[in-house]
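# generate coordinates for the sequence data below:
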Amino acid sequence: MRVLLMVLGVILAILGCVGEEYETADMDIPADEVVLEGDIVVGTWEVVEVTRGEDIGNTGTVYVFNGDGTMSSSSGVLTIEGTYVTVTDTLDMVLGGLEFQALFSFEDSRLIYEIVNGDQVFAMERI
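Residues are numbered from 1 along each chain as shown. The predicted structure follows:
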């Protein structure tokens, strides 16, 4: 029952990030055209603080951004896989089949992750 509630919470968090007014960037970019060399978000990041919005189980969630444009998000036993592309200060992502965007910046060594058309901002630290 606990796992079911956690899965439902993660799905609701992802769905909450996607608004009806959201317009996605072209996500059909062939993998050989995506240049992610030196991508500053590549690595494993853990949400250590929700700085804006409600924390609905986000603290402790781990995001992995790979250099080949693949990514995953995991919380407990649930892992969702997807893809991403960085465009200036924006992450265009397809995660669990849902398309969404997040603005990113850095404060000291923290990755600040602000969901576009959402009300949540996360602070992540590299692990």
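# which residues in the chain form helices?
Assignment of helices within the chain using DSSP state H yields the ranges 2-16.
# for Ile40, what are its contacts?
Thr86, Phe106 (C-beta atoms under 8 Å, 6 or more residues apart in numbering). In short, each C-beta sits where N, CA and C put it, glycine included.
# try the one 4 residues further on
For Thr44, the contacting residues are Val62, Tyr63, Val64, Arg126, Ile127, taking C-beta under 8 Å, 6+ apart as the criterion.
# from those residues, which land in strands?
Val62, Tyr63, Val64, Arg126 (DSSP state E).
# can you select the buried ones among those for me in ChimeraX?
Remark: buried members of the ones in strands among the contacts of Thr44, expressed as a ChimeraX selection using 16 or more other C-beta atoms under 10 Å:
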select :63,64
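# want to throw the ones in strands among the contacts of Thr44 into CSV with distance to Met71?
CSV is the format used below for the ones in strands among the contacts of Thr44 (distance: C-beta to C-beta, whole Å):
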residue, distance to Met71
Val62, 11
Tyr63, 7
Val64, 6
Arg126, 15
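# return the member of the ones in strands among the contacts of Thr44 nearest to Asn117.
Nearest to Asn117 out of those is Tyr63 (C-beta to C-beta; 18.8 Å).
# give me the nearest residue to the closest one, chain neighbours excluded.
Trp45 (4.8 Å; C-beta to C-beta, 6 or more residues apart in numbering).
# Thr79 versus the one you found, what's the distance?
15 Å (C-beta to C-beta, to the nearest Å).
# likewise Asp108?
28 Å.
# before we move on, what about Gly60?
14 Å.
# so Phe100 bridges to which residues?
Met93 (DSSP bridges).
# can you give me the pLDDT of it?
Listed pLDDT for Phe100 reads 91.
# that one is in contact with Gly82, isn't it?
No. Using C-beta atoms under 8 Å, Phe100 is not in contact with Gly82, being 9.8 Å away.
# and for those two, which residues touch both?
In contact with both Phe100 and Gly82: Met93, using C-beta under 8 Å, 6+ apart.
# need the strands for the protein, in chain order.
Per DSSP E, the chain carries strands over the ranges 43-52, 62-65, 70-75, 78-87, 90-95, 98-107, 110-115, 121-126.
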